[in-house]
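Trainee: dropping a prediction and its sequence here:
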Amino acid sequence: MQTQNNFQYKNNADDQTSIMEAGMMRQYFRSKEAKTRSALYLRLLILIVILNLLFLITAFGQLVDVKNVTVTNSTVITVKGDFKSNAGTVISNSGTVEVAGDWTNNSTMNCFGATQGTVVMNGANQHLGGIYSTHFNNLTLTGGGTVTLDNDIYAGGNGVGASGALQLTNSVMDLNSRILYITNSAGTAVTSTTGYILSEQTDNSAVVKWTMNTTAGTHTIPFGTLTGDLIPFTFTLLSGDAGEVTLSTYPTAANNLPLPVTPVAVSHVRNGSGLDNSGNTVDRFWQVDASGTPVASITFTYASAENASNGNTNMIAQRWNPLNDGWDLPLNGQINPTSQSTTVTNVNNFGAWTLSQQSSPLPVELLFFNASAISANEVKCTWSTASEKDNDFYTVERSKDGYHFEEAGIVDGNGTTNDMSEYTFSDMHPYSGVSYYRLKQTDFNGDYTNSKVVAVRINDAGISMQVYPNPAADFIQIVTESSSAAELTLTDPAGKIIRKIHHDQFTTIDISDLATGIYFLVAVSEDGKVNNTFRIKKI
């Protein structure tokens, strides 16, 4: 009986031990499960903290010191404040980053690497800036305000085959004397709804540079004015390699001032008779350049407030020719798609452009007219034209008093040509002392125009002066028949003195350091009288 009780007691003890062990096991697993949950919660908490540190998605947050951020295809990151990336930042953006504040890139130019995500600027008035230019793939402006460039930016992606786009939904991009680079050559690389690009700086510093290369078709820059008028410019590549096409535009006052000064200086808007033609010229200039050799059709659009004061009928585009110091003849086949636009096709020369009425074109066909004494018995007249239209003949006229002219001789014209033509005529019966010469150009229909009047002086000893070659690239030579001294003054068209030289009989002047263009050489004798004035063309 006692043995039985002892056995029962033992069994009870064993049972209690089992129960305790089971409880301990349950407690162990509960503790382990709790630790696992705690670790998971901790990881989630750390991830949330990291994400908030990275993105700071708050009502008025600022994203600062972003490093090694990855935005996946399905992710949209909304930053309701400023986005600022500091040194060392790399952003792998395959999704969308929306920014309501300013974008500041202080990390590296190519902060997105090869990723092809989208950045949406959806604030009211924002800035794109920082130490470095930003290479965006897709950049969309949707805030309805103005996005101002504080540094150059790139849109369209990186490298060969770039396929990104700039979308101007309803915002204004103010270039603010910066450069917008479009790296996608497709015409769809820039699109707009009601948004536009503001260029408008009178020094042509606010520029769009579009890498078009050989991608044919229409490329439209949605320019707009300060007052909100849409004035898109279209460059349609017909053939050839355009390379990088550079575009800018700005408005002027009614007198077409200020004239362009860079990258090429325009000196006037005179018509074929040398008279001011600003009343027939649109109050806007465009600068169009291409690094390649394309053939293109280009369309200019302007606001109604910029119409020429004398009317807006049959407006034609014309290019400034810096080598000729004048406006080229209008290319044939131009059309007006709207009352505020002009299209000119088969363009292969670029530069500064404007529009004028077809009845009053800008070209100064006569580039220059000079007359100089070769000897006591000969005055040599020279002139050149950039182009001619229905030109029948020239009459060289001389005068003793500068008012009453007589015929000295006739030279046939070249009819109609867009090529440069050069002419010479020698008057073998000049007046002694001071006399005057001018050139009368007569068309086939009898219309004529007169050139400016040029003074020539032949003194009693028959002193004369020659300047050659003209045009010249490096040096010009000045030769006189006698050893009489003279002072030579070289000036630019505005009269600014470039250099003065003492001349005896033979002088060489180095002009290799001068910019291409027109200059004037004035020879003054020892008694202070102007012997000759020569128009020099530096090529």
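Mentor: That came in fine, so what should we check first? Fair warning: this is a prediction, and the values are worked out from it, not measured in the lab.

Trainee: which parts of this protein are helices?
Mentor: Here the chain has its helices, by DSSP state H, at 2-55.

Trainee: lowest-confidence helix or strand of it?
Mentor: Across the helices and strands of the chain, mean pLDDT, DSSP states H and E gives its lowest value to helix 2-55, namely a mean of 48.

Trainee: ok, now how distant is the closest residue to Asp150 other than its chain neighbours from Tyr250?
Mentor: Spatial nearest neighbour of Asp150, chain neighbours left out: Gly129 (2.9 Å); criterion: Cβ to Cβ, 6 or more residues apart in numbering. Where C-beta positions appear, they are placed from N, C-alpha and C, glycine not excepted. Noted for Gly129: a distance of 23 Å to Tyr250, by Cβ to Cβ, to the nearest Å.

Trainee: ok, Leu329 next?
Mentor: 25 Å.

Trainee: how about Arg457: what's its closest non-neighbour residue?
Mentor: Arg457 sits nearest to Val434 (Cβ to Cβ, 6+ apart), 4.9 Å away.

Trainee: hmm, Thr424 is touching Lys380, no?
Mentor: Yes: with contact defined as Cβ atoms under 8 Å, Thr424 counts as touching Lys380 (6.6 Å).

Trainee: so which of those two has more stuff around it?
Mentor: Lys380 (18 against 10; other Cβ atoms under 10 Å).

Trainee: quick one, what contacts the more buried one?
Mentor: 371-374, 424-427 (Cβ atoms under 8 Å, 6 or more residues apart in numbering).

Trainee: hmm, which of those are the buried ones?
Mentor: Listed as buried from those are 371-374, 425, 427; burial here means 16 or more other Cβ atoms under 10 Å.

Trainee: turn those into TSV, including pLDDT.
Mentor: Shown next, in TSV, are the buried ones among the contacts of Lys380 (pLDDT from 0 to 100):
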residue	pLDDT
Ala371	86
Ser372	81
Ala373	80
Ile374	77
Phe425	95
Asp427	93
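
Trainee: ok, which pair from the residues you listed is furthest apart?
Mentor: Farthest pair in the buried ones among the contacts of Lys380 (Cβ to Cβ) is Ala373 and Phe425. Separation: 14.0 Å.

Trainee: kindly state the pLDDT recorded for the nearest residue to Thr183 once chain neighbours are set aside?
Mentor: Sequence neighbours aside, Gly156 is the residue nearest to Thr183 in space, at 3.9 Å (criterion: Cβ to Cβ, 6+ apart). pLDDT for Gly156: 95.

Trainee: so how far is Ser177 from Gly156?
Mentor: Counting by Cβ to Cβ - Gly156 and Ser177 are separated by 21 Å.

Trainee: more neighbours, those two?
Mentor: Gly156 (24 against 14).

Trainee: the more buried one and Val97, how far apart?
Mentor: 17 Å.

Trainee: and what of Gly143?
Mentor: For Gly143 relative to Val97 (Cβ to Cβ), the value is 14 Å.

Trainee: span of stretch 209-229 from start to end?
Mentor: 22 Å (Cα to Cα, to the nearest Å).

Trainee: what of stretch 127-145?
Mentor: Terminal-residue distance, stretch 127-145 (Cα to Cα): 11 Å.

Trainee: pretty sure Asp412 is touching Phe393, no?
Mentor: Yes: using Cβ under 8 Å, Asp412 is in contact with Phe393, at 5.3 Å.

Trainee: neighbour-wise, which of these two wins?
Mentor: Using other Cβ under 10 Å as the criterion, Asp412 and Phe393 rank with Phe393 on top: 14 against 10.

Trainee: what residues are up against the more buried one?
Mentor: 410-413, 441-442.

Trainee: for Glu306, same thing?
Mentor: 251, 282-284.

Trainee: that one: what's its closest spatial neighbour, skipping adjacent residues?
Mentor: Glu306's closest residue in space is Asp283 (Cβ to Cβ, 6+ apart), at 4.2 Å.

Trainee: look up phi and psi at the one you found.
Mentor: Per-residue torsions, Asp283: phi -90, psi 60 (degrees, to the nearest 10).

Trainee: pLDDT score for it?
Mentor: So, for Asp283, pLDDT stands at 97.

Trainee: wait, what's in contact with it?
Mentor: 251-254, 256, 302, 305-308.

Trainee: hang on, the earlier thing: what would the contacts of Lys380 look like in JSON lines with distance to Gly224?
Mentor: Below are the contacts of Lys380 laid out as JSON lines (distance: Cβ to Cβ, whole Å):
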{"residue": "Ala371", "distance to Gly224": "50"}
{"residue": "Ser372", "distance to Gly224": "52"}
{"residue": "Ala373", "distance to Gly224": "57"}
{"residue": "Ile374", "distance to Gly224": "58"}
{"residue": "Thr424", "distance to Gly224": "51"}
{"residue": "Phe425", "distance to Gly224": "53"}
{"residue": "Ser426", "distance to Gly224": "57"}
{"residue": "Asp427", "distance to Gly224": "57"}
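
Trainee: let's see which of those residues end up in strands.
Mentor: Secondary structure assignment by DSSP state E places 371-374, 424-427 of those in strands.

Trainee: so for Ala253, what's the nearest residue that isn't a sequence neighbour?
Mentor: Asp283 (6.8 Å).

Trainee: quick one: the residue nearest to His429 when sequence neighbours are not counted from Lys380, how far?
Mentor: Leaving aside its chain neighbours, His429 sits nearest to Ala408 (7.6 Å; criterion: Cβ to Cβ, 6+ apart). Using Cβ to Cβ, Ala408 is found at 12 Å from Lys380.

Trainee: what residues are shared contacts of the two?
Mentor: 425, 427.

Trainee: returning to that earlier point: quick one: which of Leu329 and Tyr250 has more around it?
Mentor: Taking other Cβ under 10 Å, Leu329 and Tyr250 do not tie; Leu329 has more neighbours (22 against 19).

Trainee: quick check, pLDDT for the nearest residue to the more buried one once chain neighbours are set aside.
Mentor: Leaving aside its chain neighbours, Leu329 sits nearest to Ser387 (4.4 Å; criterion: Cβ to Cβ, 6+ apart). You'll see Ser387 listed with a pLDDT of 73.
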